[in-house]
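Enquirer: Kindly generate the corresponding structure for this input.
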Amino acid sequence: MKKILITDEIGGMAKDYAMRLLNQEGAIDSLRHLKSQLTGNEAQYVECIIRNLPAILEMLPWNYTNFHQQHFAFFDKGGARAIDFSHRILLSDDGGSPKEKAFYMHIVAALKYDVVQQKLFPECVRKMGIRACVYCNAQYAVSAKKGKTDRSSIYRSTYNIDHWKPKNHYPYLAVAFYNLYPCCTACNQGKSFTEKDWCMYAQVGDMLNPYKFRLDDMSLLNYLLTWDAEQLKIDFVDKTTGLKPDYDKDFHVQKLYNNFKTEVEDVIWRNRIYNAKMVEAMQQSGVYKIKPQDTNRFIIGNYDREEDVMKRPLAKLTQDIARQLGLI
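Expert: Residues are numbered from 1 along each chain as shown. All right, here's what the predicted structure looks like:
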């Protein structure tokens, strides 16, 4: 929904994340244990991961394609050392317990994905201020899942994580920092294991907000005549990328957001209530202890700055309609 600009701060998070996974969680030792049980192409694949893991963990996403061609393409279907990553195989984990599952899942487990999902990556996501789904921005990116924690032996609260490059095709990227996207359960299931062209990370100069929401002008007029929220029509607009059909197919954004007509109605009401004089009077009254920079957030009932849209669901919709109406 909004691309994440890779700043020096985020780059530092990626570096710290990689160091912890390598040095504290023992990902290399776990991979070596896995390799010791393998032969042939499968053993060579794991060895390739071991050699390159430090670079893989913090590799910038726009380098994935060239890196794959250089180091891993010959393990793909049709390649010189082709591997069927989906075939089931009985192997022991670090604790010595034998488990039968798809080969790629053994690799994912050896890369300490459980630790990444439950502890390492959520810490980074919280520091980045991401709480809403990066794909739809309509739901929170957290859910309760079964599993032991310090507080509960039944459920734990954790971020849902999607992989830009799916882990069943690119298991070596299963814990790569920039391949992990916090998202809601619905979007995670909608995208599933499909591989997409678009990337949610960006570098300086890239467009960070390729999509926007717009209230259809005629529907607004009909609403003002009838005061019937069902008259409102919310358009999901692709600014320049040309990727909307693919994006909308996976996440059903257009259909999803036309369920939020009452939220748009709230913005229309606020636009009629909060004129400039009322806002000035509110700030001067002393009753509302609101910092000047937070006035717009109070008025629209959500975060008002573009850089904060991933802090709360529906922030993107609320901001776009509020700007369209001239409320902020």
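Enquirer: hey, where'd the strands end up in this structure?
Expert: Applying DSSP state E to the chain gives strands spanning 4-5, 88-92, 98-102, 142-146, 155-159, 161-163, 180-182, 201-202, 211-215, 234-238.
Enquirer: for the record, mean pLDDT for the fifth one?
Expert: The average of the pLDDT scores along strand 155-159 is 70.
Enquirer: ditto for stretch 208-225
Expert: 94.
Enquirer: what does that stretch contact?
Expert: Applying C-beta atoms under 8 Å, 6 or more residues apart in numbering, the contact partners of stretch 208-225 are 1-3, 5, 202, 228-229, 231-241, 243-244, 247, 253, 257, 264-265, 268, 306, 316-317, 320-321, 324-325. Yep, even glycine has a C-beta here, placed from its N, CA and C like the rest.
Enquirer: From the residues you listed, list just the buried residues.
Expert: Buried subset of the contacts of stretch 208-225 (neighbour count, 16 or more other C-beta atoms under 10 Å): 1-3, 202, 231-234, 236, 244, 247, 253, 257, 264-265, 268, 316-317, 320-321, 324-325.
Enquirer: I'd assumed residue 134 was in contact with residue 184.
Expert: No. Because the distance of 9.2 Å does not satisfy C-beta atoms under 8 Å, residue 184 is recorded as not touching residue 134.
Enquirer: Which ones among the contacts of stretch 208-225 map onto helices?
Expert: 244, 247, 253, 257, 264-265, 268, 316-317, 320-321, 324-325 (DSSP state H).
Enquirer: Which pair of those residues spans the longest distance?
Expert: Largest separation among those by C-beta to C-beta: 247 and 268, giving 26.8 Å.
Enquirer: how many neighbours does residue 65 have?
Expert: When neighbours are defined as other C-beta atoms under 10 Å, residue 65 has 11 of them.
Enquirer: got it, and residue 93?
Expert: Counted with other C-beta under 10 Å, the neighbours of residue 93 add up to 14.
Enquirer: Would you mind measuring from it to residue 112?
Expert: Per C-beta to C-beta, to the nearest Å, residue 93 is found 11 Å from residue 112.
Enquirer: swap in residue 198?
Expert: Distance check for residue 198 against residue 112: by C-beta to C-beta, it reads 28 Å.
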